[in-house]
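Colleague: have a look; sequence and predicted model below, questions after that.
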Amino acid sequence: MNVLGGADFSRLVGAMRAAESRQQVISNNISNAETPFFKRSELVFEELLADQLGTSERRTLDLKKINERHLPAGLGTHIPTPLLVTDETSVMNNNGSNVDVEREMALQAKNQLKYNSYVQQINHEIAMMRTAMDGRG
């Protein structure tokens, strides 16, 4: 069972905050779609987290803590900072902008689903902790 405030809970909170920030970036892209020479931005978080967790394709070694005196391996409670990336190279529209509104709307819907999932998972973790503290089960 995870401890409230533990590494897994912190990752969920970090992912939820990244989804909040991503929603702002996507909204900014959509609202500037008609701005001449505007370049869309994207918030990268899950890829950074996967790299730190060792779940990306570059995974080479599984580390396991078998004694409490061992130093923790892997991510621990460190959550990567989301990275804002701007696509300066492509052009999509006649005005020099590279925003595809339909794509941004799809990304916004996908991000909203992720955010809702993170909130549900956090609520579940809190409910489990309350159950453990109340001694019910």
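Modeller: Sure thing, it's come through. Numbering: from 1, shown residues only.

Colleague: give me phi/psi at the spatially most central residue of the chain?
Modeller: Nearest to the geometric centre of the chain sits A15, at 3.6 Å (Cα atoms, centre = their mean). Phi and psi for A15, reported as degrees, to the nearest 10, are phi -70, psi -40.

Colleague: could you measure it against V99, distance?
Modeller: Distance, A15 to V99, by Cβ to Cβ, to the nearest Å: 25 Å. All C-beta atoms are positioned from the backbone trio N, CA, C, and that covers glycine.

Colleague: list the buried residues for the helix or strand that contains E102?
Modeller: Element membership for E102, per DSSP states H and E: helix 101-134. Within helix 101-134, the residues scored as buried using 16 or more other Cβ atoms under 10 Å are E104, L107, Q108, N111, K114, Y115, Y118, Q121, E125, M129.

Colleague: on that earlier part again, give the contact list for the closest residue to the residue nearest to the centre of the chain other than its chain neighbours.
Modeller: Once flanking residues are discounted, A15 sits nearest to Y118: 5.2 Å by Cβ to Cβ, 6 or more residues apart in numbering. By Cβ atoms under 8 Å, 6 or more residues apart in numbering, Y118 lies in contact with L12, A15, M16, A19.
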